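Visitor: Compute the structure for the input listed below.
(one chain, ligands or ions: 2)
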Amino acid sequence: MPERLGPPRDTPLFGRVALVGLGLIGSSIARATQRLKLAGTLVAIDNSEAVVARVRDLGIADEATTDVAAGVKDADLVILCVPVGACGAVAEAMGPSLKPGCIVSDVGSVKTSVINQVQPHLPAGVHLVPAHPVAGTEHSGPDAGFATLFFNRWCILTPPEGADEAAVARVNAFWQTLGSKVEVMTAQHHDLVLAITSHVPHLIAYNIVGTAADLETVTQGEVIKFSAGGFRDFTRIAASDPTMWRDIFLHNKEAVLEMLGRLNEDIALLARAIRWGEGDKLFDLFTRTRAIRRGIISEGQETAEPDFGRRREGQ
Ligand SMILES: NC(=O)C1=CN([C@@H]2O[C@H](COP(=O)(O)OP(=O)(O)OC[C@H]3O[C@@H](n4cnc5c(N)ncnc54)[C@H](O)[C@@H]3O)[C@@H](O)[C@H]2O)C=CC1
Ligand SMILES: O=C(O)C(=O)Cc1ccc(O)cc1
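Guide: Ligands and ions are numbered 1, 2, ... in the order given. Model (predicted):
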């Protein structure tokens, strides 16, 4: 397995690529696209003047603008890298400027809602191929991105029924060139899987850090001083961007509530086992979960170091 991104391409995969939203994910795609020469021209679009100015300073795109309609004009590939709740408004603003044959994709952590928000605003002949790179950190903004973020990570494509196969293949090739392993599934299935593997874990982290902060009998100093590994890991997750995560929960409501219901039932069973001294029940569960963790590591999905350590591999 190669440890680094491949060499730059002789010919770009796409002519004009427009990224909307140059935060952690958008700026990581920009850096990798530049390094691998995946685009003839790379356009950065963000509604924040400060972000556009920073992108120019960093030199991670050929053009940078706050004008989404102008920025996507003549684009062959547009990737929405904004919070999921902003996708509909961006699609509405850019729809009339998209050229026929253009591929519109995104990186949202929720898929059904993004498809429902975006599809109605796309003119005929424009292809929607939603994507979700399952890679990230708790940091945000254009300075947080790095070119190797997607290397050896999964990227899930959720093409709607009847999606243009050639467009799906091109988006697949794009993510593979960024170093991702690509899997295709329905948006509904994606939202269910990610609810339990990503969304509910983040909710638990936000909750436990909030609960610890509200305790009256334990001081904040003690929480910080005696943070064992588990709590420290939760605080990293709970430092993730509030706008992004608010949108994820509001836009994956059904799946998250379904998984939370299951979780509540299972936590009640654990509480009962503790109350009644049923050590064998606790032991059996902890043995099963240890095997799951070891399976994840041996499949190479997780390194000994957490995600943010990957930054040291280089920009
Ligand atoms: N942060 C993570 O670890 C991951 C995030 N994602 C998804 O990627 C997307 C982006 O997340 P991040 O890069 O972390 O966020 P971020 O907060 O770092 O960047 C978002 C950028 O979008 C811009 N923006 C917001 N609304 C806009 C609009 N209406 N028009 C133009 N620009 C707009 C903001 O100014 C900001 O620069 C989200 O949908 C998130 O669910 C997916 C995988 C991992
Ligand atoms: O920082 C972490 O541990 C993450 O879980 C990053 C992350 C956040 C959102 C996604 O949709 C995918 C990955």
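Visitor: measure Val182 to ligand 2 for me?
Guide: In this view, Val182 and ligand 2 are 15 Å apart by Cβ to the nearest ligand atom, to the nearest Å. The C-beta positions use only the backbone N, C-alpha and C, and glycine is treated the same way.
Visitor: thought that residue was touching Ala169?
Guide: No - Val182 lies out of contact with Ala169 (Cβ atoms under 8 Å); the separation is 10.3 Å.
Visitor: the more surrounded of the two?
Guide: It is Val182, of Val182 and Ala169, that has more neighbours when counted by other Cβ atoms under 10 Å, with 18 against 11.
Visitor: what kind of secondary structure is the more buried one in?
Guide: strand (DSSP: H, G, I helix; E, B strand; the rest coil).
Visitor: quick thing: my sequence starts at 562, can you match it?
Guide: Let's use 562 as the start, then, which means that last one is Val743.
Visitor: And the pLDDT for it?
Guide: Among the per-residue scores, Val743 holds a pLDDT of 98.
Visitor: so what's the backbone phi/psi at Val639?
Guide: Recorded main-chain torsions at Val639 are phi -120, psi 130, according to degrees, to the nearest 10.
Visitor: Stretch 570-590 near ligand 2 anywhere?
Guide: No - under the criterion of Cβ under 6 Å from any ligand atom, ligand 2 is not reached by stretch 570-590; the shortest gap measures 8.8 Å.
Visitor: Kindly check the end-to-end length of that stretch for me.
Guide: 15 Å (Cα to Cα, to the nearest Å).
Visitor: do stretch 674-689 as well
Guide: Distance between the boundary residues of stretch 674-689 (Cα to Cα) amounts to 13 Å.
Visitor: Ok, stretch 674-690 next?
Guide: Using Cα to Cα, the two ends of stretch 674-690 sit 14 Å apart.
Visitor: ok, residues contacting it?
Guide: Judged by Cβ atoms under 8 Å, 6 or more residues apart in numbering, the contacts made with stretch 674-690 from elsewhere in the structure are 641, 645, 648-649, 652-653, 655-657, 659-667, 669, 691, 718-721, 724-725, 728-729, 731-732, 748, 812-813.
Visitor: Residue of the stretch 612-761 of the chain nearest ligand 1, please.
Guide: Scanning the stretch 612-761 of the chain for the residue nearest ligand 1 gives Gly697, at 1.7 Å (criterion: Cβ to the nearest ligand atom).
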